[in-house]
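J.: Let me see the structure of the following:
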Amino acid sequence: MDNLLTGRIENIAAHLGNPKFRFVNYDVTEYMHVDGELDFILHFASPASPADFEHLGIRILKVGALGTHKTLGLARAKGAKFLLASTSETYGDPLVHPQTEEYWGNVNPIGIRGVYDEAKRFAESMTMAYHRLHDIDTRIVRIFNTYGPRMRGNDGRAIPNFITQALAGDDVTVYGDGSQTRSIGYVTDLVEGITRLMAADVNTPVNIGNPSELTMRALAQKIIDFTGSSSRIVSRPLPQDDPKARLPDITKARTLLGWEPTIGPEEGLERTIEWFRNESDSEGAGS
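T.: Residues are numbered from 1 along each chain as shown. Below you'll find the predicted structure:
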């Protein structure tokens, strides 16, 4: 169920003829009715790119609040297990490093990023309230920077930005001096972590991410090297409240889920670059 605000139907085209799969074009902030039984509800809905925060801020807040309320209500009606896709953004610009699930965060509620940070923090609070008050079997996954095929080229997040620019031979834009860090996790590792979380008896938040910390400048250089590009790195002003560091403590995931990432940055970036290169070639052939 998706309103395709930031998604593409092409991403699921291969599954549309599968009798075990059904796509519903719908906005989950509206009242929902689904016929039949439901075993699981996985609530991933929300624009999540920094490029969306300014232009889609109200819609981000609505899907975090109303969308979470509607999907939790459906879980209650159906007796379904519920998963909330939360985010490392709940930690804001963290004052502790690495970030454990017990850290409450450092968030500017009225800053440009606040629409996303606070929407997810509110969604976590509502999820736990439904768990406590209505005995809903809930899960909360705090997802750290994830990447892989099928991301939007104009997504606004670092990896698709860097890859698109490098493949085109354009300047690769890094914000600030590029010393801020992120911990990038490949999408298949995330899926495995979420699958294990759904099977585990853990109701409180769990970090899922790859504790391989990279500066933005180092990440940009890796992508330039892997693409064989002649692009140069240029600096742009650092956006408001841009986190200076992001590193997950995954002790909880290791201990309770038996999970840790298996795809390192080099392998993951090469897979992702290959997809973007093929996508660019196919678009060029069709133009």
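
J.: What ranges does this protein have for its helices?
T.: 50-55, 57-62, 68-78, 114-134, 158-168, 187-199, 216-227, 251-252, 265-286 (DSSP state H).

J.: how about JSON lines for those helices, with mean neighbour count added?
T.: (C-beta placed from N, C-alpha, C; glycine too.) Below are the helices of the chain laid out as JSON lines (neighbours: other CB atoms under 10 Å):
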{"stretch": "helix 50-55", "mean neighbour count": "17"}
{"stretch": "helix 57-62", "mean neighbour count": "18"}
{"stretch": "helix 68-78", "mean neighbour count": "19"}
{"stretch": "helix 114-134", "mean neighbour count": "20"}
{"stretch": "helix 158-168", "mean neighbour count": "22"}
{"stretch": "helix 187-199", "mean neighbour count": "17"}
{"stretch": "helix 216-227", "mean neighbour count": "19"}
{"stretch": "helix 251-252", "mean neighbour count": "16"}
{"stretch": "helix 265-286", "mean neighbour count": "14"}
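
J.: Which one, of those helices, ends up nearest to Asn210?
T.: helix 187-199 (6.7 Å; CB to CB).

J.: what about the stretch 151-287 of the chain, any weak spots by pLDDT?
T.: Low-confidence segments of the stretch 151-287 of the chain, defined by pLDDT under 70: 282-287.

J.: and if we set it to 50?
T.: 287 (pLDDT under 50).

J.: residues touching Ile250, list them.
T.: Going by CB atoms under 8 Å, 6 or more residues apart in numbering, Ile250 touches 207-209, 211, 259-260.

J.: List just the nearest of those residues to Leu269.
T.: Using CB to CB, these come closest to Leu269 at Gly209, 15.7 Å.

J.: burial of the residue nearest to the closest one when sequence neighbours are not counted, as a residue count?
T.: The shortest distance from Gly209 to any non-neighbouring residue, by CB to CB, 6 or more residues apart in numbering, is to Phe144 (2.6 Å). Phe144 has 23 neighbouring residues, counting by other CB atoms under 10 Å.

J.: For Ile60, give me its contacts.
T.: So Ile60 contacts 46-47, 52-53, 115-116, 119 (CB under 8 Å, 6+ apart).

J.: typo on my end, it should be Asn203
T.: Contacts of Asn203 by CB under 8 Å, 6+ apart are 128, 131, 137-140.

J.: Likewise for Asn207?
T.: 88, 99-101, 142, 144, 248-250, 252-253.

J.: Counting neighbours, which of the residues you listed comes out on top?
T.: Of those, with other CB under 10 Å as the count, Pro248 tops at 27 neighbours.

J.: what sits opposite it in the beta ladder?
T.: Beta bridges link Pro248 to Gln99 when assigned by DSSP bridges.

J.: wait, it sits on Arg182?
T.: No - if you go by CB atoms under 8 Å, Pro248 and Arg182 don't touch, sitting 10.5 Å apart.

J.: Report the contact partners of the closest residue to Leu42 other than its chain neighbours.
T.: Nearest non-adjacent residue to Leu42, counting by CB to CB, 6+ apart: Leu83, 4.6 Å away. Shown in contact with Leu83 (CB under 8 Å, 6+ apart): 40-43, 138-141, 194, 197-198.

J.: State the distance from Leu83 to Val141.
T.: Remark: distance between Leu83 and Val141 (CB to CB, to the nearest Å) = 7 Å.

J.: list residues touching both of these two?
T.: Joint contacts of Leu83 and Val141 (CB under 8 Å, 6+ apart) are 194, 197.

J.: Find me the pLDDT at Met7, would you?
T.: To be clear, residue 7 is Gly; Met isn't right here. As predicted, Gly7 sits at a pLDDT of 91.

J.: before we move on, back to that, want to try JSON lines for the helices of the chain, with distance to Gly176 as columns?
T.: Formatted as JSON lines, the helices of the chain follow (distance: least, CB to CB, whole Å):
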{"stretch": "helix 50-55", "distance to Gly176": "13"}
{"stretch": "helix 57-62", "distance to Gly176": "22"}
{"stretch": "helix 68-78", "distance to Gly176": "32"}
{"stretch": "helix 114-134", "distance to Gly176": "19"}
{"stretch": "helix 158-168", "distance to Gly176": "12"}
{"stretch": "helix 187-199", "distance to Gly176": "27"}
{"stretch": "helix 216-227", "distance to Gly176": "8"}
{"stretch": "helix 251-252", "distance to Gly176": "30"}
{"stretch": "helix 265-286", "distance to Gly176": "21"}
